[in-house]
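**Student:** Here is a sequence together with a model predicted from it:
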Amino acid sequence: MKNKMIKMSAIAVISISLFNFGTNASLAKSEGDSFEQLVQKLEETKNYIQSGIELSINERDQLSIENYNMLHDYLEENPNIDHEKKISIVDQVNDLDVIIYDSQLENKSISYTNNDDTAISPFALEIGGGTSRYKGDILISNVAKSYDVIRHGHTALMSTIPNYVVEAVRSGVVHNPASVYWGQSHINDEELYYVKDAPDSAYLAAYQFAVDQVGEPYNVKTGFDNNDEWYCSKLVYKAWQSAGYRVGPKMGPVLPIDIAASGNTIKYSNVPKNMF
């Protein structure tokens, strides 16, 4: 009983601390002040989680939600934040999610029916034709691409075919070996994300939506409601939206980092180059 009361008290303190962040941030003198407040709150949460107190999945979910709400409040209050700083704080929240959910590399809370990674024909795009356990997972890099002076990154959906991706690149939407794009030497920050609470059928549905767009043109200036032209993160967002899950802001445009910061995606692997 005593341990239970201690845990409940600690959760209450963390929750109150996170709740108060929104009020404190609005009173901060500068964007830098609120950034330091956010980092401090995340560190407090990290220390709490690592204190050895056991948490139920509902309690873990609540902490994750509070962290992402805090992140989203900060980003809304600071829309012109330096992109490198945005990457840094999103990475901190994502890394904290790994601790919250005790994510092990390449072990997801997704039950696949077949984990055999035997390669198959690259032309077997139909549902059920592939066997990769990564199918429908989201691959993200925050340094891969730039538009004008903005380094906005790149994202893709993993295929049912091992080491293949579906992605929107300058030549259009393609289904290619991941090494064609992701094997470039300047891309060194690839990470894999799964979608929280999504069943296997949703991963297949998201993958199938993306595959159905293969051959359609690339346009970084396309409208978010236009389903005939694509850029990388719009394709990933719309694919998962078609499966019933929102992995980014409610309104477009959406960047790869927005998908990482959605709160509905969980990082579970830093991708080794030899995967591709």
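**Tutor:** That came through, no problem.
**Student:** Which positions in stretch 35-46 come out as buried?
**Tutor:** Phe35, Gln37, Leu38, Lys41, Leu42, Thr45, Lys46 (16 or more other Cβ atoms under 10 Å). Where you see a C-beta, it was placed from the backbone N, CA and C, and this is true even at glycine.
**Student:** Also stretch 186-202?
**Tutor:** Buried positions in stretch 186-202, judged by neighbour count with 16+ other Cβ under 10 Å: Ile187, Glu190, Glu191, Leu192, Tyr193, Tyr194, Val195, Lys196, Ala198, Ala202.
**Student:** got the CA coordinates for that stretch in CSV?
**Tutor:** What follows is stretch 186-202 as a C-alpha-only set of coordinates in CSV (Å, rounded to 0.1, in the frame of the first residue of the first chain):
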residue,chain,number,x,y,z
HIS,A,186,25.0,12.1,-46.1
ILE,A,187,22.0,10.4,-44.6
ASN,A,188,23.1,9.2,-41.2
ASP,A,189,20.2,9.7,-38.9
GLU,A,190,17.6,7.2,-40.1
GLU,A,191,15.1,6.0,-37.6
LEU,A,192,12.1,3.6,-37.7
TYR,A,193,8.8,4.4,-36.1
TYR,A,194,5.7,2.3,-35.5
VAL,A,195,2.2,3.7,-35.1
LYS,A,196,0.8,3.4,-31.5
ASP,A,197,-1.9,0.8,-31.1
ALA,A,198,-2.3,0.1,-34.8
PRO,A,199,-3.1,-3.6,-35.8
ASP,A,200,-1.4,-5.4,-38.5
SER,A,201,-4.3,-4.7,-40.9
ALA,A,202,-3.7,-1.0,-40.5
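**Student:** Use 53 as the first number for this chain going forward.
**Tutor:** New numbering, starting at 53: the last item is stretch 238-254.
**Student:** State the mean pLDDT of it.
**Tutor:** In this model, stretch 238-254 has an average pLDDT of 87.
**Student:** wouldn't Trp234 be in contact with Val221 here?
**Tutor:** No - applying Cβ atoms under 8 Å, one finds Trp234 not in contact with Val221, separated by 10.7 Å.
**Student:** For Tyr320, grab the count of nearby residues.
**Tutor:** Look at Tyr320: counted by other Cβ atoms under 10 Å, it has 21 neighbours.
**Student:** what pLDDT does it get?
**Tutor:** pLDDT, Tyr320: 82.
**Student:** looking at this, it is in a strand?
**Tutor:** Yes - checked against DSSP: H, G, I helix; E, B strand; the rest coil, Tyr320 lies within a strand.
**Student:** Relative to Asp154, how far out is it?
**Tutor:** Per Cβ to Cβ, to the nearest Å, Tyr320 is found 11 Å from Asp154.
**Student:** How about Ala291?
**Tutor:** In terms of Cβ to Cβ, Ala291 sits 28 Å off from Asp154.
**Student:** more crowded one of those two?
**Tutor:** Taking neighbours as other Cβ under 10 Å, Ala291 and Asp154 compare with Ala291 leading, 25 against 10.
**Student:** so which strand or helix has that one?
**Tutor:** Here Ala291 sits within helix 284-294, counting by DSSP states H and E.
**Student:** Which of the residues in that helix are classified as buried?
**Tutor:** Neighbour-count burial for helix 284-294 flags Cys284, Ser285, Lys286, Leu287, Val288, Tyr289, Lys290, Ala291, Trp292, Ser294 (criterion: 16+ other Cβ under 10 Å).
**Student:** hang on, isn't the second one packed against Val306?
**Tutor:** I take that to be Ser285. Yes - if you go by Cβ under 8 Å, Ser285 and Val306 touch, sitting 4.9 Å apart.
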